[in-house]
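>>> sequence and computational prediction follow.
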Amino acid sequence: METTSSSVQGACHCGAVRYRLAGDPVSVVNCHCRLCRGMSGSAFTSYVVVRDSDLSLELSEGGLSSYQATEAATKHFCSHCGTPMFNTNPTKYPSLRMVYLGTVAAPEKLVPRVNVFCEGKLPWVDSVSSLKSFDAAPIRSA
């Protein structure tokens, strides 16, 4: 990882849920499974995999809610703004939490090391870098 554990911190959009890592991330991954795509509403989800014991949460009143997505997987999100914060799956990944990379204060310092569940990868994902790109949304008049 390119960052030190003391610098890994983050929050939801409204700030009601904040966190800090006490240790180094286990890994940073892009998950292409259908479940993760559905729970994030995106083509794939980037996670910072952390140990339960390393994640320290700071919550406002009623700040964190959860949704049992499957028998084993639970999505945890901000009750106020809806930002997905982390997922847990104690059956497959005991003692780990998958923190959404988009909530990290300095996500550019955490580079994904692996793509997982690629059998679910959308066929166009690998060609995204060849698309026409803009620094901001191009403005179109009506």
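Yep, it's here. Numbers count the residues shown, from 1 in each chain.
>>> where does this protein have low pLDDT?
1-6, 141-142 (pLDDT under 70).
>>> all helices of it, in order?
Assigned helices in the chain, in chain order: 34-40 (criterion: DSSP state H).
>>> show me where it has its strands.
9-11, 17-21, 27-31, 45-51, 55-59, 64-68, 74-78, 84-88, 96-100, 114-116 (DSSP state E).
>>> residues of the last one that come out buried?
For strand 114-116, burial by neighbour count (16 or more other CB atoms under 10 Å) applies to residue 116. To be clear about C-beta, it is placed using only N, CA and C from the backbone, and glycine gets the same treatment.
>>> now what about that strand, what contacts it?
For strand 114-116, the surrounding residues in contact (CB atoms under 8 Å, 6 or more residues apart in numbering) are 27, 29, 30, 31, 32, 33, 44, 121.
>>> distance to residue 107 and neighbour count added to those, as CSV?
Below are the contacts of strand 114-116 laid out as CSV (distance: CB to CB, whole Å; neighbours: other CB atoms under 10 Å):
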residue, distance to residue 107, neighbour count
27, 15, 17
29, 14, 22
30, 13, 20
31, 16, 24
32, 19, 19
33, 21, 16
44, 15, 22
121, 21, 18
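>>> let's have the residues you listed in JSON lines, adding distance to residue 139.
Listed next are those as JSON lines, based on distance: CB to CB, whole Å:
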{"residue": "27", "distance to residue 139": "39"}
{"residue": "29", "distance to residue 139": "36"}
{"residue": "30", "distance to residue 139": "31"}
{"residue": "31", "distance to residue 139": "34"}
{"residue": "32", "distance to residue 139": "33"}
{"residue": "33", "distance to residue 139": "36"}
{"residue": "44", "distance to residue 139": "29"}
{"residue": "121", "distance to residue 139": "32"}
